[in-house]
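Okay, structure incoming, though there's no sequence with it:
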């Protein structure tokens, strides 16, 4: 089972992407965790190390997929 | 059944996103079509009308999700 982590920050772009993209992922193939970096600020460093530059972003098997552009990680850190 | 169209232009960023993201979509919920805009140039206008600004991009139910950044549509048109 692969693991996908969806990082977001609660912005409208993030919420829209989360609802649509996650609803179409195959739950039998990939286990999904949703991380709100605005509230789980202790996960920001982990996201940066995974290569996340902006949110919303989906990390699957170590690859980062930035989806549209909601906010940069710098904005999340300073927000 | 929802319909997803994955627009790409054959660039490395596109191919990587296609293989990973599409492999985890739930085939029982969404029917996927892959369109290579570099070869299917008659689909570029359709992609623009759907709101695609860059490739790779995934259009699901009328919503556009730009995944990372491979190439702008202008580059594809002029390429």
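That came through, no problem. Since we're looking at a predicted model, the values are computed, not measured.

can you give me the helices for chain A?
A:12-24, A:44-50, A:73-78 (DSSP state H).

Just list what the first one packs against, helices and strands only.
Counting by 3 or more Cβ pairs under 8 Å, 6 or more residues apart in numbering or on different chains; DSSP states H and E, the packing neighbours recorded for helix A:12-24 are strand A:2-8, strand A:30-36, strand A:54-60, strand A:63-72, strand B:54-60, strand B:63-72. All C-beta spots, glycine's among them, are computed from the backbone N, C-alpha and C.

Identify whichever of these lies nearest to residue A:24.
Residue A:24 lies closest, by Cβ to Cβ, to one member of the helices and strands packed on helix A:12-24: strand B:54-60, at 6.6 Å.

From the chain's centroid, how far away is that closest one?
4 Å (Cα atoms, centre = their mean, to the nearest Å).

ditto for stretch A:1-9
6 Å.

coming back round to it: now the helices and strands packed on helix A:12-24 in JSON lines, with distance to residue A:23, mean pLDDT and mean neighbour count?
Written out in JSON lines, the entries for the helices and strands packed on helix A:12-24 read as follows (distance: least, Cβ to Cβ, whole Å; pLDDT from 0 to 100; neighbours: other Cβ atoms under 10 Å in any protein chain shown):
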{"stretch": "strand A:2-8", "distance to residue A:23": "12", "mean pLDDT": "94", "mean neighbour count": "20"}
{"stretch": "strand A:30-36", "distance to residue A:23": "10", "mean pLDDT": "94", "mean neighbour count": "16"}
{"stretch": "strand A:54-60", "distance to residue A:23": "13", "mean pLDDT": "95", "mean neighbour count": "25"}
{"stretch": "strand A:63-72", "distance to residue A:23": "14", "mean pLDDT": "93", "mean neighbour count": "19"}
{"stretch": "strand B:54-60", "distance to residue A:23": "9", "mean pLDDT": "95", "mean neighbour count": "25"}
{"stretch": "strand B:63-72", "distance to residue A:23": "12", "mean pLDDT": "93", "mean neighbour count": "19"}
